[in-house]
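*Asks:* here are the coordinates; sequence isn't available:
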């Protein structure tokens, strides 16, 4: 007799880890720029996974999840013929991504999915903006308004440093070393790195900090937002959602139809540096990648561009 489905809907079978799931879904939508459909797919995958853990393994704490629990869940999906091979691969990716996020966010100490193997498939290259699209985006903020001056500084900083949106919203004023042209970024796992800021991004930042940030600052918000670089108009620290909305508005105003999200500036930053001849390891350091293998995907983007140019212009192509 088949085991009861963890998809069964009952009060006692509510999804465990609800708060952690909510944080993760916000992360993949706002930082990773996944589409609404993709986020819904990941949510479905993870709800079924969590319900399995709660129903079959009686686990209600991430610290109790082991690799054997994950393997048992995957075998359940296979045995019940619930998934096609491609859907199984996505489920593994969903689970691995969630557990990696949980470790970074401090929800648990270890990643039990780290050694779960993902079926081999072609790696999707990140989408990027070309130089003209970036230029169009950066020109959209209304510099006659305080919010526009702040938004210009945000867009310039994302593209000028390649930092993640969470790194941008966490940025504090004492990490800006404009005298030497660097920003100290606190990345994943609280790892620190120094990133060159670039003249245009620095100018936009300095202008915002001198003339606009004091207008937004509220002493009543001092505890939480006192040292944050980017503030909302109520004096609070700017959220990831706010940055996502700013980027979306800029893309719409610039007439760009491709999917534009904060992380695309990071992809574009890395690709444009490598196209310009930057050293791969230097780009790795600026991005804060622990492995150069992660950075190497941007060389594939560069090679794809070269291939397109060759096909377009070479007389024997």
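*Replies:* Done, it's in. Computed from a predicted model, the values in this text were never measured in an experiment.
*Asks:* ok, which stretches of the chain are helices?
*Replies:* 18-30, 36-56, 67-79, 85-104, 131-138, 146-161, 165-170, 199-211, 213-216, 222-225, 240-254, 262-275, 280-287, 292-313 (DSSP state H).
*Asks:* what about the ones you listed, which gets the closest to residue 112?
*Replies:* helix 67-79 (4.8 Å; CB to CB). For glycine as for every other residue, the C-beta is placed from the backbone atoms N, C-alpha and C.
*Asks:* Look at the residue lying closest to residue 247 once chain neighbours are set aside and report its pLDDT.
*Replies:* Among residues not flanking residue 247 along the chain, residue 262 sits closest, at 5.2 Å (CB to CB, 6 or more residues apart in numbering). Residue 262 is assigned a predicted lDDT (pLDDT) of 91.
*Asks:* mind listing what residue 262 touches?
*Replies:* 30, 31, 33, 158, 164, 165, 168, 240, 243, 244, 247 (CB atoms under 8 Å, 6 or more residues apart in numbering).
*Asks:* Let's see that with 6 Å instead.
*Replies:* For residue 262, the contact set (CB atoms under 6 Å, 6 or more residues apart in numbering) comprises 165, 243, 247.
*Asks:* Tell me how many other residues crowd the last one.
*Replies:* By the other CB atoms under 10 Å criterion, the neighbourhood of residue 247 contains 24 residues.
*Asks:* And it, how far from residue 167?
*Replies:* 15 Å (CB to CB, to the nearest Å).
*Asks:* Kindly state which of the helices of the chain is positioned closest to residue 179.
*Replies:* The nearest among these, by CB to CB, is helix 199-211 at 10.4 Å.
*Asks:* is it true that residue 91 touches residue 45?
*Replies:* Yes. With contacts counted by CB atoms under 6 Å, residue 91 reaches residue 45, the gap being 4.9 Å.
*Asks:* Now residue 176. Nearest residue, chain neighbours left out?
*Replies:* residue 183 is the one closest to residue 176 (CB to CB, 6+ apart), at 5.8 Å.
*Asks:* Does that neighbour touch residue 196 like I think?
*Replies:* No. Contact criterion CB under 6 Å: residue 183 and residue 196 do not qualify, at 8.1 Å.
*Asks:* Compare neighbour counts for those two and give me the winner.
*Replies:* Neighbour totals were compared for residue 183 and residue 196, and residue 183 leads with 25 against 16 (other CB under 10 Å).
*Asks:* residues near the closest residue in space to residue 78 that isn't next to it in sequence, how many?
*Replies:* Spatially, and ignoring its direct neighbours in sequence, residue 78 is nearest to residue 88 (7.1 Å; CB to CB, 6+ apart). For residue 88, the count of nearby residues is 16 (other CB under 10 Å).
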